[in-house]
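Peer 1: any chance you could fold what I've pasted below:
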Amino acid sequence: MPALYDSIGLRFEYPDNWSIESETESKGSQVVVSSPETAFWHAGKYDAGTELEPLFDEALAALRSEYRDMEVSYVEEKIDSQHVTGYDVDFYLFDFISTARIRGVNTAGATYLVVSQAEDREMRTVGPVFQAMLASLLRHEAEAARS
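Peer 2: Residues are numbered from 1 along each chain as shown. Sure, this is the predicted structure:
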């Protein structure tokens, strides 16, 4: 059964056996949801109209500072009728291939940046969960905009 996170201006469903941490800072609201294993999903909410490229650049720079050899691929996709852009990043961590998915979307009410990361074997099972969490976030954003 999914749990519902509804705080600091973010609302989405997530697996009820995952842990959650949130904070509000001057740049926006941030929440991190962690699986019982090693995967995590980090969502940031920023003011509407915030440019995505500097957010992408910051996320990619943080990964580059930790991991020397990375493969970066640009991604565009539709999630619940929203145009979502970002990057898939593959890198080695402790002799395992890991993937980070960086996604950004501008809505009428806010700009969102979501970074999810897992070791590739775990990503096969949590990847669809990450996608569902982002779809839930966007669906709740759309519902709030209609109210």
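Peer 1: going forward, measure contacts between C-alpha atoms and count neighbours the same way
Peer 2: Noted.
Peer 1: what about the chain, any weak spots by pLDDT?
Peer 2: Scanning the chain for pLDDT under 70 picks out 25-27.
Peer 1: buried residues in the helix or strand that residue 128 is a member of, which are they?
Peer 2: Here residue 128, judged by DSSP states H and E, is contained in helix 120-146. Using 16 or more other C-alpha atoms under 10 Å as the test for burial, helix 120-146 gives 120, 122-123, 126-127, 129-130, 132-142.
Peer 1: cool, stretch 80-95 as well?
Peer 2: 84, 85, 86, 87, 88, 89, 90, 91.
Peer 1: what's the helix holding residue 128 packed up against?
Peer 2: strand 10-15, strand 96-106, strand 110-119 (3 or more C-alpha pairs under 8 Å, 6 or more residues apart in numbering; DSSP states H and E).
Peer 1: and the buried residues of stretch 80-95, which two are furthest apart?
Peer 2: Greatest spatial distance in the buried residues of stretch 80-95: 84 and 91, 22.4 Å, computed using C-alpha to C-alpha.
Peer 1: with adjacent residues omitted, what lies nearest to the residue nearest the centre of the chain?
Peer 2: Centre of the chain computed as the mean C-alpha position; nearest residue by C-alpha atoms, centre = their mean is residue 114, 2.1 Å away. Using C-alpha to C-alpha, 6 or more residues apart in numbering and skipping the chain neighbours, the partner closest in space to residue 114 is residue 43 (4.3 Å).
Peer 1: do you know how far the one you found is from residue 94?
Peer 2: Taking C-alpha to C-alpha, to the nearest Å as the measure, residue 43 falls 25 Å from residue 94.
Peer 1: can you check residue 132 too?
Peer 2: Residue 132 is 28 Å from residue 94, by C-alpha to C-alpha.
Peer 1: and if you look at residue 58?
Peer 2: Counting by C-alpha to C-alpha, the gap from residue 58 to residue 94 is 23 Å.
Peer 1: what of residue 22?
Peer 2: With C-alpha to C-alpha as the criterion, residue 22 and residue 94 are 28 Å apart.
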